[in-house]
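Asker: Just need the structure, nothing else, for what follows:
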Amino acid sequence: MSSPLHLDAIRLAYDTPRGPHTVVDGFSLSLEAGDIACLFGPSGCGKTTVLRAIAGFEPVRAGTIRLGEVLLSSGQKHLPPEQRRVGMMFQEYALFPHLSAAKNVAFGLRRLDRAAQQARVAEMLALVGLADAGERYPHELSGGQQQRIALARALAPSPALLLLDEPFSNLDGGTRERLTAEVRDILKQAGQTAILVTHNEAEAHAMADRIGVMHGGRITHWLDTVA
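Answerer: All right, here's what the predicted structure looks like:
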């Protein structure tokens, strides 16, 4: 089940020979369960760093990150990524070329028995509109189909939160526009809480309920969309 997300005044920094280099400071965000938010801004504004901190790949120097009732990160605590119930989609689809579409979707379901795996895979393939593509391999799928399989794989373990880092940037314009609308519909149908990172304004407005415009490691203002 999806969960609300709360970031309270987090600070993120990288160690350098000259001391810590702060990338994000005083960053706060609240996202209700089932909502889709977008972090929008130019390269270097800190949006991907925030995403990595939520996923557990970057520790916070100050502030807190909570998902539902669970404290994921603080200056004193850092829950490992595999314990966070956070799914991720990247601009590289990262499908396993030697596995069929169905086996790619099943990859994160190894704790389930075979029958439960098969049922969940079938459900996810139907959700993304590729019910008949389970036996096909990634090289036999179009770029848009590969991205939908990657989405099915990310949703299969029922993450409390899904993070999408520039997921459409490798697609041509027409496919990108169509798939953005399709993915939003899929996420809404699944009731999935999600955060999208992009520097594409049209994509942000088409995908998200709310857009956080970032500059210098902070959200300068929020925009509500009509997506």
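
Asker: ranges for the strands of this structure?
Answerer: Using DSSP state E, the strands of the chain run over 5-16, 19-31, 36-40, 62-67, 70-73, 86-89, 161-165, 194-198, 210-215, 218-224.

Asker: Would you convert the ones you listed into a markdown table that also reports mean neighbour count and mean pLDDT?
Answerer: Yep, even glycine has a C-beta here, placed from its N, CA and C like the rest. Output for the strands of the chain, formatted as a markdown table (neighbours: other CB atoms under 10 Å; pLDDT from 0 to 100):
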| stretch | mean neighbour count | mean pLDDT |
| --- | --- | --- |
| strand 5-16 | 17 | 94 |
| strand 19-31 | 16 | 92 |
| strand 36-40 | 25 | 95 |
| strand 62-67 | 20 | 97 |
| strand 70-73 | 20 | 97 |
| strand 86-89 | 22 | 90 |
| strand 161-165 | 23 | 94 |
| strand 194-198 | 26 | 95 |
| strand 210-215 | 20 | 93 |
| strand 218-224 | 13 | 89 |
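
Asker: Out of the ones you listed, the one nearest G173 is which?
Answerer: In terms of CB to CB, the element of those nearest to G173 is strand 194-198, at 14.2 Å.

Asker: and the closest one, which strands flank it?
Answerer: Applying DSSP bridges, strand 194-198 is found paired with strand 36-40 (parallel), strand 161-165 (parallel).

Asker: looking at the ones you listed, which is closest to R120?
Answerer: Using CB to CB, the nearest of the strands paired with strand 194-198 to R120 is strand 161-165, at 16.0 Å.

Asker: residue ranges with poor pLDDT in the chain?
Answerer: Scanning the chain for pLDDT under 70 picks out the ranges 1, 93, 226-227.

Asker: so what's the residue positioned nearest the centre of it up against?
Answerer: Centroid check for the chain by CA atoms, centre = their mean gives L163 as the closest residue, at 1.3 Å. Counting by CB atoms under 8 Å, 6 or more residues apart in numbering, L163 makes contact with 51, 54-55, 86-89, 194-195, 197.

Asker: neighbours around I54, how many?
Answerer: I54 has 25 neighbours, counted by other CB atoms under 10 Å.
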